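Asker: The amino acid sequence is not available; the structure is as follows:
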């Protein structure tokens, strides 16, 4: 007779609930809060696994040569990314559980953890790499290429390197935006011809944007030209380098166009995808901030158990590890709805799913 499915068997609870073995219990000096410490971090790792699962799906969609905006693909991507946002919200809330442990409670078992560290979370590093956090913008890069004490095992180190060399979500988003077809010549034949070398829409938009800048914002037009048309104007080498984007100029233009005309049906899902990516960045920054505050509360300015600078490292990561900053920065170049250039009828028809 076939065995019927049973709740604990399905969830493999015998393994899951027997996976907590506090080090302090092994030496007959039980630190009560070590159980909480283990369970919270195990819960983190389970959610990291789910995030990686969702990102794998999203990445496979964006790897397609063509994505039909009318298909279920983009809607499912939007849904999966929104789920990632919700998971990150939950992770932020879990930090509050750790705050129920006092610094003295933590000191009862902290030294038993050395040289292990949350820094060694393979899955969190894979999440960052899959999203698009590259080594060149990481804070204190030397921490990430260690296989000595406090660093990664050779096996984990190899997995991280493989993920970092694969196409990230940021790169796939760039490729997707570059393929946006709405600047094809036939869609703009009823639009006037500009007096410069720019596409007629961008020629008009640039003028409206420039005219709307205040005196203090006047220099923004130089950054507009740099980010969207790779035109440095009078910007120095240093300023041009500091404002270099991770997205191409073509992708930046497409992203801005989606944000400007997001009320059209065809752009609704695309806009929500871009917005979810920015929100993922915000939630990860929130997690890092909460972690920073918690670490300062628990150990002050002491070094981390894995050999990092503790709160100093976390503070640097908080300010530098922004993956989708270019998408967020598009808001700098928006204009009022009432001033938006009127699109040609052929394009409006296409953006409205009209037959």
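Answerer: Thanks, I have the structure now. Computed from a predicted model, the values in this text were never measured in an experiment. Numbering: from 1, shown residues only.

Asker: Which residues are in contact with residue 134?
Answerer: By C-beta atoms under 8 Å, 6 or more residues apart in numbering, residue 134 lies in contact with 164, 168. Heads up, the C-betas are built off the backbone N, CA and C, glycines and all.

Asker: Count the neighbours of residue 209 for me.
Answerer: Residue 209 has 20 neighbours, counted by other C-beta atoms under 10 Å.

Asker: Oh, that last question was meant for residue 5, not what I typed.
Answerer: Residue 5 has 7 nearby residues by other C-beta under 10 Å.

Asker: Where does it sit: helix, strand or coil?
Answerer: Here residue 5 is recorded as coil under DSSP: H, G, I helix; E, B strand; the rest coil.

Asker: Grab the nearest non-local neighbour of residue 183.
Answerer: Spatial nearest neighbour of residue 183, chain neighbours left out: residue 199 (5.9 Å); criterion: C-beta to C-beta, 6 or more residues apart in numbering.

Asker: My guess is that neighbour contacts residue 182. True?
Answerer: No. Residue 199 sits out of contact with residue 182 when judged by C-beta atoms under 8 Å, with a separation of 10.7 Å.

Asker: Let me see the confidence value for the residue sitting nearest the centre point of the chain.
Answerer: In the chain, the residue lying closest to the centroid (C-alpha atoms, centre = their mean) is residue 281, at 4.2 Å. Reported pLDDT at residue 281 in the predicted model: 95.

Asker: ok, it - contacts?
Answerer: 322, 323, 324, 325, 328 are the contacts of residue 281 under C-beta under 8 Å, 6+ apart.

Asker: which of the residues you listed are buried?
Answerer: Buried residues within the contacts of residue 281, counting neighbours by 16 or more other C-beta atoms under 10 Å: 322, 323, 324, 328.

Asker: Let me know the closest of these to residue 45.
Answerer: Distances from residue 45 to these, taken as C-beta to C-beta, are shortest for residue 323 (20.8 Å).

Asker: Can you give me the distance of that closest one to residue 176?
Answerer: Counting by C-beta to C-beta, to the nearest Å, the gap from residue 323 to residue 176 is 16 Å.

Asker: just residue 226 next, same as before
Answerer: Separation of residue 226 from residue 176 (C-beta to C-beta) stands at 23 Å.

Asker: about what we covered before: could you work out the most separated pair of the contacts of residue 281?
Answerer: Of all pairs in the contacts of residue 281, the most separated under C-beta to C-beta is 323 and 328 at 9.9 Å.

Asker: give me the low-pLDDT residue ranges for the stretch 201-350 of the chain?
Answerer: 301-314, 316-319 (pLDDT under 70).

Asker: swap the cut-off to 80 and go again
Answerer: For the stretch 201-350 of the chain, residues meeting the criterion pLDDT under 80 lie at 300-321.

Asker: now the helices for it?
Answerer: Taking DSSP state H, counting those that start in this stretch as the criterion, the stretch 201-350 of the chain carries its helices at 220-229, 237-242, 249-260, 265-299, 311-320, 325-328, 345-351.

Asker: among those, which is the most enclosed?
Answerer: Mean neighbour count (mean count of other C-beta atoms under 10 Å) peaks for helix 249-260 among these, with a mean of 21.

Asker: quick one: contacts of it?
Answerer: 173-175, 177-178, 180, 182, 202, 227-230, 245, 247, 267, 270-271, 274, 326-327, 330-331, 333-335, 340.

Asker: That helix to helix 265-299, inter-axis angle?
Answerer: Using axes from the mean of the first three to the mean of the last three C-alpha atoms, to 10 degrees, the direction of helix 249-260 lies 100 degrees away from that of helix 265-299.

Asker: and the contacts of residue 281 as a markdown table, adding distance to residue 260?
Answerer: Shown next, in a markdown table, are those (distance: C-beta to C-beta, whole Å):
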| residue | distance to residue 260 |
| --- | --- |
| 322 | 23 |
| 323 | 23 |
| 324 | 18 |
| 325 | 19 |
| 328 | 16 |
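
Asker: Among those, which one lies nearest to residue 262?
Answerer: residue 328 (15.1 Å).

Asker: contacting residues around residue 294?
Answerer: 95, 98, 99.

Asker: Just the buried ones from these?
Answerer: Applying 16+ other C-beta under 10 Å to the contacts of residue 294 flags 95, 98 as buried.

Asker: and the contacts of residue 294 as CSV, adding pLDDT, distance to residue 146 and secondary structure?
Answerer: Putting these into CSV (pLDDT from 0 to 100; distance: C-beta to C-beta, whole Å; DSSP: H, G, I helix; E, B strand; the rest coil) gives the following:
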residue, pLDDT, distance to residue 146, secondary structure
95, 90, 26, helix
98, 91, 25, helix
99, 90, 30, coil
